[in-house]
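Peer 1: predicted model and sequence follow; I will ask about them next.
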Amino acid sequence: MPFQPLPQDQPICTVECPACGHRWLVYEQQLGLLGSCPACGAARPRSMGGVAPDSGRQVSFGSFRDLLDEPRLLTLIEETLGLRPLDGARFVDAQGREVPLEDIHFTLQGNAEWQAQVYNFYMNHVR
């Protein structure tokens, strides 16, 4: 039977494909299960860690993507991570290299202060 998350569960762990380097969020219960990379199809991603624990303020990757039109989020990304937006969901570092949106989300969710700011942006956005 495939994994079925409970309604209160959120994906909080980042895994990385050893073949192509693509990163994505999974539920903690999925760590160690066989799975394939959504980018290249390779099996057995490795765990990169989780978001800030026990804060109760996690914002899913999908919700994070929905916030990319929020100027305060763009400012947070620029000021804390030193990245600048190109267009829509694309950001580059100081050397002009594109940074995957998943990495930006993971980094912000891994710091309790930044995570709280993103959570507040999201809560204001949905109201």
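Peer 2: Great, that's in hand.
Peer 1: in the top helix by length along the chain, what counts as buried?
Peer 2: Longest helix in the chain, counting residues (DSSP state H): helix 112-126. For helix 112-126, burial by neighbour count (16 or more other C-beta atoms under 10 Å) applies to 114, 115, 117, 118, 119, 121, 122. Where C-beta positions appear, they are placed from N, C-alpha and C, glycine not excepted.
Peer 1: and of these, the nearest to residue 26?
Peer 2: Minimum distance to residue 26 across the buried residues of helix 112-126 is 17.7 Å, recorded for residue 115 (C-beta to C-beta).
Peer 1: domain parsing for this structure?
Peer 2: Here the domain parsing of the chain from automatic domain parsing is 13-50, 61-126.
Peer 1: what's downstream of the helix or strand bottoming out on mean pLDDT in the chain, the next helix or strand?
Peer 2: Least confident helix or strand of the chain, by mean pLDDT, DSSP states H and E, is strand 46-50 with a mean of 67. Using DSSP states H and E, the next helix or strand after strand 46-50 towards the C-terminus is helix 61-66.
Peer 1: how many neighbours does the nearest residue to residue 88 once chain neighbours are set aside have?
Peer 2: Sequence neighbours aside, residue 68 is the residue nearest to residue 88 in space, at 6.7 Å (criterion: C-beta to C-beta, 6 or more residues apart in numbering). Residues near residue 68, counting by other C-beta atoms under 10 Å, number 16.
Peer 1: how about residue 63?
Peer 2: 17.
Peer 1: quick one: contacts for it?
Peer 2: residue 122 (C-beta atoms under 8 Å, 6 or more residues apart in numbering).
Peer 1: quick check: it vs residue 104, distance?
Peer 2: 14 Å (C-beta to C-beta, to the nearest Å).
Peer 1: can you check residue 71 too?
Peer 2: Remark: distance between residue 71 and residue 104 (C-beta to C-beta) = 16 Å.
Peer 1: tell me, what residue is most central in the chain?
Peer 2: Residue closest to the average C-alpha location in the chain (C-alpha atoms, centre = their mean): residue 105, at 3.2 Å.
Peer 1: tell me the contacts of the closest residue to that residue other than its chain neighbours?
Peer 2: Distances taken as C-beta to C-beta, 6+ apart place residue 64 nearest to residue 105, at 4.8 Å, with adjacent residues excluded. Residue 64 makes contact with 101, 105, 108, 118, 122 under the criterion C-beta under 8 Å, 6+ apart.
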